[in-house]
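> Fold the following and give me the result.
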Amino acid sequence: MDVLTDIGMTDCKSVAFPLPKGLQLSTDNGDLLDNPDEYKWLIGRLLYVNITRPDISRAIQHLSQFMTVPRKPNWQAALHVLRCLKASPSIGLYFPIVNDFKLTAYYDSDWASCVVTRKSLIGFCIFFGSSLISWKIKKQPTVSKSSAEAEYKAMASTICELSWISYLLHDHQVLVALLVNLKCDNKGASSNSS
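Here you go, the predicted structure:
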């Protein structure tokens, strides 16, 4: 709510999703912003909000790519994220007292989704019991030749994070089940990973 107040959008209409469906932003479409520092300031604030609001992670990852030369469509998309935050200001992370001490991970990739570089996005979220404890959305450093390759890279990234979390929990003497549920929506990746 502080970000909405600072930018003067407390009376704006709220929206349900962080970015409009089918939005295609690029580095060369639209007029340049008169004050690019304002865009950088807003994205910085949204990155901070993202610490407790994983629902906007994908949108913030996408908008942060345009920090060097922001354009008016980028600014409008960032304001759209603020309208989404206005719709649900009390949403955040929840950590219940009772926990079953099981790790569960979900991962996915969006093959060749970057229209500029054709690189894929990978994303994962890891739950400890019913609590979300880790999440990430990142553009892959290389171009994947197939959706299956992009899914395998997402799986590998998720497994690395799971390894780190399990070592961290072990160091804090928290006993977790050795069997970790690793879930995805790709049949080829899930059948070959078991």
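> which residue sits farthest out from the middle of the chain?
Gln173 (29.5 Å; C-alpha atoms, centre = their mean).
> ok, it to Gly129 distance?
17 Å (C-beta to C-beta, to the nearest Å). In this view, the C-beta of every residue, glycine as well, is placed from N, C-alpha and C.
> and if you look at Glu149?
For Glu149 relative to Gly129 (C-beta to C-beta), the value is 32 Å.
> Surely Leu132 and Leu93 touch.
Yes - using C-beta atoms under 8 Å, Leu132 is in contact with Leu93, at 5.9 Å.
> which non-adjacent residue is nearest the spatially most central residue of the chain?
Note on the chain: the residue nearest the mean C-alpha position is Ser57, at 2.8 Å, using C-alpha atoms, centre = their mean. Closest residue in space to Ser57, ignoring its immediate chain neighbours: Ile137 at 4.8 Å, by C-beta to C-beta, 6 or more residues apart in numbering.
> in a helix, that's where the one you found is, yeah?
No - counting by DSSP: H, G, I helix; E, B strand; the rest coil, Ile137 is not part of a helix but strand.
> In terms of pLDDT, where does it sit?
Per-residue pLDDT puts Ile137 at 83.
> Likewise for Lys119?
80.
> since we're on it, how many residues are nearby?
Per other C-beta atoms under 10 Å, the neighbour tally for Lys119 reads 19.
> Ok, Ser14 next?
The burial count for Ser14: 12, using other C-beta under 10 Å.
> Then Asp100?
Neighbour number of Asp100 under other C-beta under 10 Å is 10.
> That one: what secondary structure?
Relying on three-state DSSP, one would call Asp100 coil.
> dump the residue contacts of it.
By C-beta atoms under 8 Å, 6 or more residues apart in numbering, the residues touching Asp100 are Gly129, Ser130.
> got a list of what Phe127 touches?
Applying C-beta under 8 Å, 6+ apart, the residues contacting Phe127 are Leu103, Thr104, Ala105, Ile133.
> could you redo the last one with a cut-off of 7 Å?
Thr104, Ile133 (C-beta atoms under 7 Å, 6 or more residues apart in numbering).
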